[in-house]
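Enquirer: Quick one, structure for this:
(2 chains)
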Amino acid sequence: MRQLPLLTPPVLSVADLTRYLRQLFEGDDVLADVWVSGEISNLSRPASGHIYFTLKDAQAALRCVIWKSAALRLRQDLQNGQAIEAHGSIGIYEAGGNYQLYIDTLRPAGEGALYQEFLRLKDQLAAEGLFDLERKRPIPAAPQRIGLVTSPTGAALQDMLNTLRRRYPLAQVILAPCPVQGVEAPPEIVAALQRLAALPQPPDVILAARGGGSLEDLWAFNDARVVRAIAASPIPVITGVGHETDTTLADYAADLRAPTPTAAAVLATPDVADLAADLRLLDRRLAEAAASDLQARRATQTMLTHRLGRLSPAIRLRTDRQQVDMLSLRLGRAAASHLQTRRAGQRALDARLAALNPQAVLARGYAILTTSAGQILRRAAEAAPGQHLTARLSAGALDLTVNHIVSEE
Amino acid sequence: MLPNPTPPEELNYEQALAELEAILEALENGQHPLEETLALFARGQELSLRCAALLDQAELRIEQLESRGGNSGAA
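Expert: This is a model prediction of the structure:
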């Protein structure tokens, strides 16, 4: 016969037990904030946007879920077989009766260690002063020659060339090709920088760039040799490494950091459209400067001509001629009137003279008596009876003999 | 100030632009004999045309250095 124990252990419902487990997990510090490494398997990406997979290693498996909001922030696509490190908290999926890692961040495996190395190098190189602001040189505004340090086969090169063609075809590009990832990359990048600086006509600015990738892919630009070469470059360097969120130590050492290779090409150059607009402005200024200069000269010229005109001999002559004409006129008038006056006087004289003309006297009936001696007889007393006298009349003459004196008065 | 006698075709963009700006400075701020003003203006126009032509016709020139171990060459 079965024996019943004296004290019955409580019988929990599934829900109660599950709740108990959940509290256990949620109360644990380690499980609330944990990094787990493993290999992805059973990857599932349903339409909801959440991502489900299992992280496993040789001995065990762990179900994982990434909510859609965190999934959108992922920098790379996940694949089965990929080794990753995932960060999040452990929770219970009650309905399924299993525990899961709710992931908020993940990275390729090994990147954790790489990132530590990155931080260590950053501190070391910063302490050498390589990132100091005072070391940074200004980027020339309109470079005639642009050096590129990048892979000849990468998309970064094409992106930069397209940008340069569009924005600033006036420049000459000098490409110093080199690998941009792998162990052979750092010395090649350094050599490319040095070759550009050693050219007989070196570039005015250098763009050091590569496309996006993992921390490991970008690692060459965290290499101390590359960082030192960029800091020591006699030519200003603009770095354009990876995507906007990627920052490498080379970026800190550069004279200017661009978020992408395309942005590096943009930062290095002016836009020809802007240059063309500036040129049109200069044209206007040129035309206006010349026009206003000429206008000022014309105004002065007009004023001087005016003043000169007033002093002109022609005017003087005209004035003088006018005066002369006036005087002539007056002279003429004066002469005419004088003449008139004289004529009148003359006529008066003539009249008087005429009146005195003996012939006129004779015409009035008088006669002129003259003696035989030719003397004019005026007084009867001087005549003697019997004397011969010649009487001249208005017409003709008579020989007369005096009879006797009638009277003496 | 006398205009530079170098033919504009021999100037690159930066040189032509610099000279054009210098001429503008001179015309806007100085007093010049009339002939000089006209000469400077004509030169300014030539330079402006040269700059515009360069902007219109420029094509990006690309030279590629040989990878390490070779002579430098042109692409």
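Enquirer: Residues in contact with stretch A:80-92: which ones?
Expert: By CB atoms under 8 Å, 6 or more residues apart in numbering or on different chains, the residues outside stretch A:80-92 that reach it are A:18, A:21-22, A:25-26, A:28, A:31-43, A:53, A:55, A:64, A:78, A:98-112. In short, each C-beta sits where N, CA and C put it, glycine included.
Enquirer: Which members of the residues you listed are classed as buried?
Expert: Using 16 or more other CB atoms under 10 Å in any protein chain shown as the burial test, those include A:18, A:25, A:31, A:36, A:38-40, A:43, A:53, A:55, A:64, A:100-101, A:103, A:106-108, A:111 as buried.
Enquirer: quick one, helices of chain B?
Expert: For chain B, applying DSSP state H gives helices covering B:13-29, B:34-57.
Enquirer: Take those and write them to CSV, including mean pLDDT and distance to chain A.
Expert: Compiled in CSV, the helices of chain B are given as follows (pLDDT from 0 to 100; distance: least, CB to the nearest CB, whole Å):
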stretch, mean pLDDT, distance to chain A
helix B:13-29, 90, 4
helix B:34-57, 90, 4
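Enquirer: nearest to B:Pro5, of these?
Expert: With CB to CB as the measure, helix B:34-57 is the member of those nearest B:Pro5 (9.2 Å).
Enquirer: packing partners for that closest one?
Expert: Taking 3 or more CB pairs under 8 Å, 6 or more residues apart in numbering or on different chains; DSSP states H and E as the contact definition, the neighbouring helices and strands of helix B:34-57 are helix A:272-311, helix B:13-29.
Enquirer: number of nearby residues for A:Pro140?
Expert: Other residues near A:Pro140 number 15, with proximity taken as other CB atoms under 10 Å in any protein chain shown.
Enquirer: Let me fix that, I meant to ask about A:Leu353.
Expert: Counted with other CB under 10 Å, the burial measure for A:Leu353 works out to 11 neighbours.
Enquirer: Next one, pLDDT for it please.
Expert: Listed pLDDT for A:Leu353 reads 82.
Enquirer: Just the pLDDT for residue 6.
Expert: Went with chain A since none was named. The model reports A:Leu6 with a pLDDT of 70.
Enquirer: The intended chain is chain B.
Expert: Per-residue confidence for B:Thr6 comes out at a pLDDT of 86.
Enquirer: What is the burial count for it?
Expert: Taking other CB under 10 Å as the criterion, the count of residues near B:Thr6 is 11.
Enquirer: Tell me how far it lies from A:Leu193.
Expert: Using CB to CB, to the nearest Å, one gets 35 Å for the distance from B:Thr6 to A:Leu193.
Enquirer: In space, what's closest to A:Gln194 - neighbours in sequence excluded?
Expert: Distance criterion CB to CB, 6 or more residues apart in numbering or on different chains; nearest residue to A:Gln194, sequence neighbours excluded, is A:Ala229 at 7.2 Å.
Enquirer: mind listing what's buried in whatever helix or strand A:Arg225 lives in?
Expert: Of the helices and strands defined by DSSP states H and E, A:Arg225 is found in helix A:224-232. By neighbour count with 16+ other CB under 10 Å, helix A:224-232 contains the buried residues A:Val226, A:Val227, A:Ala229, A:Ile230, A:Ala231.
Enquirer: ok, then the element right after that helix?
Expert: The helix or strand immediately downstream of helix A:224-232 is strand A:237-241, counting by DSSP H and E.
Enquirer: right, and the helix or strand after that next one?
Expert: Toward the C-terminal end, the helix or strand that comes next after strand A:237-241 (DSSP H and E) is helix A:249-253.
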